[in-house]
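Structure of the sequence below:
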Amino acid sequence: MQNPVRRLALSNLSAQASEQVALSAAPLLAVLSFGAGAEATGWLQAAQTLPFLLLALPADLLADRTSRLHLMIGAEAIRAAALLAILVLAGTGHLGIAGLAALGALGAGGTVAQGVAAPAIVPALVPRAALASANRALELGRSLAFMAGPALGGALIGWLGAGPAYGLAIGLSLLAVAPLAGLTEPPRPAPARRNLAGELREGVGFVLSHPLLRPILVTAVLFNAAWFLLQAALVVHAVRNLGLSATGVGTVLALFGAGMVAGALASPLLAARARLGALIAAGPLVALLASLLMLATAALPSPALAGAALFLFGAGPVLWTIHTTALRQAVTPGAMLGRVSATVMTATYGARPLGAALGALLAARWGVEACLLASSLGFAAQAAVILVSPAPGLREMPAASAASPA
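Sure thing, here's the model as predicted:
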């Protein structure tokens, strides 16, 4: 891995770890300190993911017109400030669910900016042939964060309370800036001045008219909606139905990250032996299997079964992320990477608050079990979409001229 990518991966690891510690701490804090149920945690998840729907396209325009490095550094400043506010309010006894949701949404705004800028800068740092390797490095860092973050957040909440958990998240966010300071961003030609609506239409139009990117986008939208529908009730289900403590919840959630690490480490070996299309299809199929295992915990309340489901939720979809990101980077013109990435992020991550809100509504009316069932139906739909698309038939990375729409 080249040094610039190593620096970007280290920054990504620290930033993602900060996000995961905070995200795991928030619903635990709501359930254990405020007595929140599945409906309240669902709305909390919806609020904390709403910036992905509202801010991804504006962040995309910034990523295409300003320094992507500066955008990532600014994102960490926003995240650290929001986490510090949560820490202060919790320490003084003035924090409630509404404040936790609002400040979590502010911190997520920083996550959105980094999520757009990081993949957009990768093609400027490595040659085309190294895109999958660079994306694997970023995903491995993200996977390690998903493994360590929930375990650390759950343990700190359970042993010491919210203060140390959010203090760690602040430190990790600030630490993410150091590797970025050593990067040099290659100059880019100044984009032509165009109106906002035209730029947004161009990014959306490119994705929707592309025979490969369109079904990949729809699959990712359904996956994210189903995943956050499940997330809306998962912590309440783990505490009240599976009998787990805060530390136990963090440990089980960490198996999701362990699955991501396993998938990222296995990716080169699998890529050498399997077609690109098979690797793309693997993620949605494994996610469907994982959702069925999680649904089974409604009848058989087993922490081990829930942990196995979360491991599979991490292992399969990380292969999807690595290879579909490389595909998107390969077939998208460099000047459009920011707005195309933001189009994808807006649609896929924007499905998160919708899924979480649906989970809150289902939990309020029919309980946690309804969330588990509905999420399984969503995962079945996303697997069906990708299987009937041209993507599973890909043998290798298509050339941009052949894969791009006319």
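
wait, isn't residue 46 in contact with residue 353?
Yes - the criterion here is CB atoms under 8 Å, and residue 46 meets it with residue 353 at 4.3 Å. Every residue, glycine included, has its C-beta placed from N, CA and C.

Tell me the helices and strands packed up against the host helix or strand of residue 295.
According to DSSP states H and E, residue 295 maps onto helix 276-296. With contacts taken as 3 or more CB pairs under 8 Å, 6 or more residues apart in numbering; DSSP states H and E, helix 276-296 sits against helix 213-236, helix 246-273, helix 303-331, helix 368-387.

same thing but at 7 Å, please
Helix 276-296 is packed against helix 213-236, helix 303-331, helix 368-387, with contacts defined by 3 or more CB pairs under 7 Å, 6 or more residues apart in numbering; DSSP states H and E.

Which of those helices has the highest mean neighbour count?
The highest mean neighbour count among the helices and strands packed on helix 276-296, using mean count of other CB atoms under 10 Å, belongs to helix 213-236: a mean of 25.

how about stretch 355-371: buried residues?
355-363, 367-371 (16 or more other CB atoms under 10 Å).

actually stretch 94-114, not the one I wrote
Residues of stretch 94-114 classed as buried by neighbour count (16+ other CB under 10 Å): 95, 97, 100-101, 103-114.

per-residue confidence averaged over it?
Stretch 94-114 carries an average pLDDT of 83.

now swap in stretch 137-148 and tell me
Stretch 137-148 carries an average pLDDT of 68.

if we can go back for a sec, so for residue 294, which of the helices and strands packed on helix 276-296 sits nearest?
Closest approach to residue 294 among the helices and strands packed on helix 276-296 (CB to CB): helix 303-331, 4.1 Å.

For the closest one, which helices and strands make contact with it?
Counting contacts by 3+ CB pairs under 7 Å, 6+ apart, helix 303-331 packs against helix 97-125, helix 131-159, helix 213-236, helix 246-273, helix 276-296, helix 337-366, helix 400-403.

okay if I get these as a markdown table plus distance to residue 60?
Shown next, in a markdown table, are the helices and strands packed on helix 303-331 (distance: least, CB to CB, whole Å):
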| stretch | distance to residue 60 |
| --- | --- |
| helix 97-125 | 5 |
| helix 131-159 | 18 |
| helix 213-236 | 15 |
| helix 246-273 | 25 |
| helix 276-296 | 24 |
| helix 337-366 | 3 |
| helix 400-403 | 20 |
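
I'd like to know which of the ones you listed is closest to residue 17.
Nearest to residue 17 among the helices and strands packed on helix 303-331 is helix 131-159; the distance by CB to CB comes to 4.0 Å.

immediately after that closest one, which helix or strand?
helix 162-175.

who's in contact with that following helix?
Residues outside helix 162-175 that contact it (CB atoms under 7 Å, 6 or more residues apart in numbering): 14-15, 17-18, 21-22, 25, 29, 76, 79-80, 83-84, 86-87, 90-91, 152-153, 156-157.

Next step: the residues you listed restricted to helices.
Among the contacts of helix 162-175, DSSP state H puts 14-15, 17-18, 21-22, 25, 29, 76, 79-80, 83-84, 86-87, 90-91, 152-153, 156-157 in helices.

What subset of the residues you listed is buried?
Members of these classed as buried by 16+ other CB under 10 Å are 14-15, 17-18, 21-22, 25, 29, 76, 79-80, 83-84, 86-87, 90, 152-153, 156-157.

low-confidence ranges in the stretch 201-350 of the chain?
Low-confidence segments of the stretch 201-350 of the chain (pLDDT under 70): 334-335, 338, 342.

how about a cut-off of 90?
Where the stretch 201-350 of the chain drops to pLDDT under 90, the residues are 201-213, 228, 231-279, 314-350.

Tell me where the stretch 1-150 of the chain is predicted with low confidence.
Ranges of the stretch 1-150 of the chain meeting pLDDT under 90: 1-80, 82-83, 86-150.

how close does residue 395 sit to residue 336?
The spacing between residue 395 and residue 336, counted by CB to CB, to the nearest Å, is 26 Å.

And the two? Which one has more around it.
Just comparing residue 395 and residue 336: by other CB atoms under 10 Å the higher neighbour count belongs to residue 336, 19 against 10.

list the contacts for the more buried one?
Neighbouring residues of residue 336 by CB under 7 Å, 6+ apart: 202, 203, 206.

If we use 8 Å, what do you get?
Contacts for residue 336 (CB atoms under 8 Å, 6 or more residues apart in numbering) come out as 64, 202, 203, 206.

Then residue 48?
23, 26, 101, 104, 105, 107, 108.

so how far is stretch 49-64 off the chain centroid?
On the basis of CA atoms, centre = their mean, to the nearest Å, stretch 49-64 sits 14 Å off its chain's mean C-alpha point.

CA atoms of it as CSV?
Coordinates of each C-alpha in stretch 49-64 appear next as CSV, following Å, rounded to 0.1, in the frame of the first residue of the first chain:
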residue,chain,number,x,y,z
THR,A,49,-28.8,9.4,10.1
LEU,A,50,-30.9,12.3,8.7
PRO,A,51,-27.8,14.3,7.7
PHE,A,52,-26.9,11.6,5.2
LEU,A,53,-30.2,12.4,3.4
LEU,A,54,-29.9,16.2,3.6
LEU,A,55,-26.2,17.0,3.3
ALA,A,56,-24.6,14.5,1.0
LEU,A,57,-25.3,16.4,-2.2
PRO,A,58,-24.2,19.8,-0.8
ALA,A,59,-21.0,18.0,0.5
ASP,A,60,-20.5,16.5,-3.0
LEU,A,61,-20.4,20.0,-4.5
LEU,A,62,-17.8,21.1,-2.0
ALA,A,63,-15.8,17.9,-2.7
ASP,A,64,-15.7,18.7,-6.4
